[in-house]
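1. what follows is a predicted protein model with its sequence.
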Amino acid sequence: MGLDFYKNFKIAKEVFDEVDETLKINLSKIIFEDQSGLLNLTANTQPAIMATGVAIFRVLKETNGIKMSNFHYCAGHSLGEYTALVCSDALSLKNASLILRERGEAMQTAVKPGEGAMAAVLGAEILEIENLIHDLNFSSVEISNDNCPGQLVISGKKDEVEKCCLEIKNKISKKSIALPVSAPFHCQLMKPASEKMKEVIMNTELNSLKIPIISNVNVDEIKDSNVIKNLLIDQIYKKVRWREIIEYMLKKNVLEFVEIGPGKTLSGMLKRFKKDIVVRNFNNMEDMDS
């Protein structure tokens, strides 16, 4: 993850080095080698994904002359909003690293290990899952990610998520897949993490964005730094509304998207919306060469 950029571009190496120095840990070694599975800890995963995305974007700026002004909007799936904020110079790399390290620790400890779970639900409409959750009167299960047409995620207490998955299969004949996560993200169980992060986020320096970010929380164009801070606090326990974010952009006649960072998850989601969408993904050196 990001190793080829680290080896080939000084500007990318500087990103990883700054994050290492800021966090006082060798996060780069964890990212590139991960021999002990430490990358799976969300306190490491979150700053790692952000650092990789920022490193790739800075390489694109240096080698291809890409600027934020080339785009109409930016957006990020969950913690990806922090990558977008750093790329748009609204948030410093140092502050993003510190927030995401603490955000990861807060989310990890909000629920005891083994008590929470998440599951992807395939082929279902969001309304039918919402109705099913409501009818079964679960105390903790919520839709945590509305990713794209035919793909969403539920979060909650482990026993209730498992029961919900069984009911999804029996009542509406849809498939669900348990996700290998360390905590149930983006649901009310994360409220303690949100409260813990409130002071940290509010006290962090944040500039207005060069282009609007479409928020996961309210699916609206935001440039004001104070508004963004409050949304970042709420985002920890509220649903990721990615499908609505993309639909918002499509209504604004945006048909070209660039995904930056590890993996091609968002590019795969985008292909489920409209056939005439153009998606460019930058994940490794081969993507740069093409």
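-> That came through, no problem.
2. what's near enough to touch the closest residue to G261 other than its chain neighbours?
-> Sequence neighbours aside, G53 is the residue nearest to G261 in space, at 3.5 Å (criterion: Cβ to Cβ, 6 or more residues apart in numbering). The C-beta positions use only the backbone N, C-alpha and C, and glycine is treated the same way. By Cβ atoms under 8 Å, 6 or more residues apart in numbering, G53 lies in contact with 80, 83, 87, 260-262.
3. at 6 Å what do you get?
-> Applying Cβ atoms under 6 Å, 6 or more residues apart in numbering to G53 gives the contacts 83, 260-261.
4. show me which of these is closest to L209.
-> L209 has its nearest neighbour among these in T83, at 12.9 Å by Cβ to Cβ.
5. what's around the closest residue to A124 other than its chain neighbours, how many residues?
-> Leaving out its chain neighbours, the residue that sits closest to A124 by Cβ to Cβ, 6+ apart is K174, at 4.4 Å. Here the count is done by other Cβ atoms under 10 Å, and K174 has 18 residues near it.
6. can you map out the strands along this structure?
-> Taking DSSP state E as the test, the strands found in the chain are 116-122, 142-148, 151-157, 175-178, 213-214, 221-222, 256-260, 278-282.
7. distance from the fourth one to the middle of the chain?
-> It stands for strand 175-178. Here the centre of strand 175-178 is set off from its chain's centre by 20 Å, with Cα atoms, centre = their mean, to the nearest Å.
8. ok, stretch 103-118 next?
-> 16 Å.
9. for that stretch, how far is the first residue from the last?
-> 18 Å (Cα to Cα, to the nearest Å).
10. buried residues in that stretch?
-> 103-108, 110-111, 116-118 (16 or more other Cβ atoms under 10 Å).
11. cool, stretch 127-146 as well?
-> 129, 132-133, 138, 140-146.
12. could these go into JSON lines alongside distance to H186 and pLDDT?
-> Below are the buried residues of stretch 127-146 laid out as JSON lines (distance: Cβ to Cβ, whole Å; pLDDT from 0 to 100):
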{"residue": "I129", "distance to H186": "15", "pLDDT": "96"}
{"residue": "L132", "distance to H186": "18", "pLDDT": "95"}
{"residue": "I133", "distance to H186": "14", "pLDDT": "95"}
{"residue": "F138", "distance to H186": "16", "pLDDT": "92"}
{"residue": "S140", "distance to H186": "13", "pLDDT": "96"}
{"residue": "V141", "distance to H186": "12", "pLDDT": "97"}
{"residue": "E142", "distance to H186": "8", "pLDDT": "97"}
{"residue": "I143", "distance to H186": "9", "pLDDT": "98"}
{"residue": "S144", "distance to H186": "4", "pLDDT": "98"}
{"residue": "N145", "distance to H186": "6", "pLDDT": "98"}
{"residue": "D146", "distance to H186": "10", "pLDDT": "98"}
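13. now the helices for this protein?
-> Along the chain, the segments classed as helices by DSSP state H run 3-8, 10-23, 27-32, 42-64, 80-87, 93-109, 126-136, 158-172, 191-202, 225-235, 242-251, 265-270, 285-289.
14. that older thread, ok, so of the contacts of G53, who is nearest D289?
-> Using Cβ to Cβ, the contacts of G53 come closest to D289 at I260, 15.8 Å.
15. partner residues bridging that closest one?
-> Under the criterion DSSP bridges, I260 forms beta bridges with F282.
16. that one is in contact with F282, isn't it?
-> Yes. Counting by Cβ atoms under 6 Å, I260 touches F282, with 5.1 Å between them.
17. show me what contacts the residue nearest to A124?
-> 123-124, 168.
18. same check, this time on N145
-> 153, 240.
19. which one of the contacts of K174 is nearest V227?
-> Ranked by distance to V227 (Cβ to Cβ), the contacts of K174 are led by A124 at 32.5 Å.
20. can you give me the first-to-last residue distance of stretch 65-80?
-> Rule used - Cα to Cα; the end-to-end distance of stretch 65-80 is 22 Å.
21. no further questions, thank you.
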